[in-house]
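**Student:** Give the three-dimensional model of this entry:
(one chain, ligands or ions: 1)
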Amino acid sequence: MAIAPVILSNARGSFAWGVFHERHPKLIEQVLAALPYGPTEREKIERLLADSTTGALEPLGPEVHDHAQWLEWGRGLWGRPWGEAPFLWAESYFYRRLLDATGYFRPGAWQGIDPFAPFKNAELASTAVDDELTALDRLGTLPPQDRAKALLSSALWGNRADLSFQLTAPSDTQAATALLADDSDLLWTELERSRGGQVCLVADNAGRELLPDLVLIDHLLVSGLATRVVLHVKPQPYFVSDATMADVLATVARLRAAPGAQAELIGRRLWQAMKSDTLAVRTHPFFCAPLPYRDMPADLRAEFSSATVTIVKGDLNYRRLVGDQLWPPTTAFATAAARFPSPVAALRTLKSDVIVGLNAPLVAELDRSAGDWRTSGRHAVVQFHSPR
Ligand SMILES: O=P(O)(O)OC[C@@]1(O)O[C@H](CO)[C@@H](O)[C@@H]1O
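**Tutor:** Alright, predicted model coming up:
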């Protein structure tokens, strides 16, 4: 297979360029408006924005816990413009540097304060979430197969609601179209075939995405398709709305306190599952690493290897799964995801340039009908590959 070019953010007008030059300035403005950071933090946050658009890559200070790790990850990049680093690497470093600027890891008043918490909390408290929780009661009345399909679909489209995407999304993105690739039958067949094992779910965003993810996890446990689920979340705030352990706890609490009978029941079951370890939450540092999954460390590889199926959520995880590269869109998903150690299903709405596993006529049709189909969030895929 020919090597596809790695995406950089230095091409003016590209999606990646827009993330640094249009999305990040809005994000920084919102972060500064949402929390009363003092002059020291504000100055550092503003300097990061200037550096990341016009400056050169500088390593983290020697005092921080992951200084050596990032020094190694950035070998060959230090001193070069941000836009010359791989897009995935540069974005990941931007979020690490933002935590540095806000004092997230520094002993002091801002230590441990999630700069994105105000956005995540507002979303979880929204009436849209109330509506989704109430709708769970109706789902309970569906035949089992239809219910399972609806739960998978909610987990998939929940990815469209991520807050980072909302910063620049055009307003017509509500009109979602059909899936561009749908391997969901293969996923259900594999779950059925391997019934009773351990399923991994690699979460993406908190709030309106994590909620249906947790409901899907509950379904896997209750139906016996999994006897144990390992939920992987970020060890620290990342990409604005990515779920952390604090978000898992807040979401389970929201379910337990929900008015609808089903939601409350699911919340109670998830609480119990966490207590009995049939639902285990993991926060491996690799989930905030600027690398594709083919470079995952041995301990994480071993964890995934023991899963009957891994469900990988969202756009960033997709980029890490197949490689953040400009693949011809007709490249087989099985080829691009070949190095993942377990059967893997990607549930992703399209919000960046990377895409594989489509057929040629469909790609031609999409190219004809809308220039932004790869990034608009209107389209989605469910793709599955088993190495076994
Ligand atoms: O992983 P998610 O939440 O589905 O999407 C994250 C995302 O919107 O953020 C990046 C821009 O900051 C994009 O590359 C990517 O599409």
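
**Student:** So for stretch 284-298, what gets flagged as buried?
**Tutor:** In terms of neighbour count (16 or more other Cβ atoms under 10 Å), stretch 284-298 has its buried residues at 284, 286-293, 296. Every residue, glycine included, has its C-beta placed from N, CA and C.

**Student:** Same list, those, but only the ones touching the ligand.
**Tutor:** When Cβ under 6 Å from any ligand atom is applied, no member of the buried residues of stretch 284-298 is adjacent to the ligand.

**Student:** now these in CSV, with secondary structure and pLDDT?
**Tutor:** Converted to CSV, those look like this (DSSP: H, G, I helix; E, B strand; the rest coil; pLDDT from 0 to 100):
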residue, secondary structure, pLDDT
284, coil, 98
286, helix, 98
287, helix, 98
288, helix, 98
289, coil, 98
290, coil, 98
291, coil, 98
292, coil, 97
293, helix, 98
296, coil, 98
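
**Student:** Around the ligand, pick out the residues from the protein.
**Tutor:** Counting by Cβ under 6 Å from any ligand atom, the positions of the chain adjacent to the ligand are 19, 23, 91, 159, 162, 164-165, 204-205, 239, 314-316, 351-352.

**Student:** do that again at 8 Å, thanks
**Tutor:** Residues of the chain lying close to the ligand (Cβ under 8 Å from any ligand atom) are 15-16, 19, 23-24, 87, 91, 159, 162, 164-165, 204-205, 209, 239-242, 313-319, 348-349, 351-352, 375.

**Student:** Show me what residue of the stretch 1-150 of the chain gets nearest to the ligand.
**Tutor:** Here the residue of the stretch 1-150 of the chain nearest the ligand is residue 19; by Cβ to the nearest ligand atom that distance is 4.6 Å.

**Student:** Show me where the protein has its strands.
**Tutor:** 179-182, 197-202, 226-232, 279-282, 309-313, 344-349, 380-385 (DSSP state E).

**Student:** Reformat those as TSV; add distance to residue 102.
**Tutor:** Below are the strands of the chain laid out as TSV (distance: least, Cβ to Cβ, whole Å):
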stretch	distance to residue 102
strand 179-182	38
strand 197-202	26
strand 226-232	24
strand 279-282	24
strand 309-313	26
strand 344-349	28
strand 380-385	33
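
**Student:** tell me the pLDDT at residue 323?
**Tutor:** Among the per-residue scores, residue 323 shows a pLDDT of 97.

**Student:** What sits closest to it if chain neighbours are left out?
**Tutor:** Excluding its sequence neighbours, the residue lying closest to residue 323 (Cβ to Cβ, 6 or more residues apart in numbering) is residue 292, at 5.0 Å.

**Student:** and if you look at residue 213?
**Tutor:** Counting by Cβ to Cβ, 6+ apart, residue 213 lies nearest to residue 155, which is 5.3 Å off, once chain neighbours are set aside.

**Student:** Distance check, the one you found against the ligand.
**Tutor:** Residue 155 sits 12 Å away from the ligand, taking Cβ to the nearest ligand atom, to the nearest Å as the criterion.

**Student:** quick one: contacts for that residue?
**Tutor:** The neighbourhood of residue 155, defined by Cβ atoms under 8 Å, 6 or more residues apart in numbering, consists of 209, 212-213, 215-216, 311, 313, 347.

**Student:** if you set the cut-off to 10 Å instead, what comes out?
**Tutor:** Counting by Cβ atoms under 10 Å, 6 or more residues apart in numbering, residue 155 touches 201, 203-204, 209-217, 219, 311, 313, 347, 382.

**Student:** Same question for residue 55.
**Tutor:** By Cβ under 10 Å, 6+ apart, the contact list for residue 55 reads 47-49, 81-82.

**Student:** Type out the ChimeraX command that picks the buried ones from these.
**Tutor:** Buried subset of the contacts of residue 55, written as a ChimeraX selection, criterion 16+ other Cβ under 10 Å:
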select :48,49,81,82
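
**Student:** Closest to residue 278 out of the contacts of residue 55?
**Tutor:** residue 48 (41.3 Å; Cβ to Cβ).

**Student:** Quick one: residues contacting that closest one.
**Tutor:** Applying Cβ under 10 Å, 6+ apart to residue 48 gives the contacts 24, 28, 55, 94, 97-98, 100-102.

**Student:** switch the cut-off to 6 Å
**Tutor:** By Cβ atoms under 6 Å, 6 or more residues apart in numbering, the residues touching residue 48 are 97, 101.

**Student:** domains in this structure, as residue ranges please.
**Tutor:** As assigned by automatic domain parsing, the chain contains the domains 15-115, 128-385.

**Student:** which of those domains has the lowest average pLDDT?
**Tutor:** Looking at the domains of the chain, the weakest mean confidence is domain 128-385, a mean of 93.

**Student:** how deep is residue 339 tucked in, by neighbour count?
**Tutor:** 15 (other Cβ atoms under 10 Å).

**Student:** And for the spatially most central residue of the chain, nearest residue in space, chain neighbours not counted?
**Tutor:** Nearest residue to the geometric centre of the chain (Cα atoms, centre = their mean): residue 204, 2.7 Å. Leaving out its chain neighbours, the residue that sits closest to residue 204 by Cβ to Cβ, 6+ apart is residue 314, at 2.9 Å.

**Student:** Fine, thanks again, bye for now.
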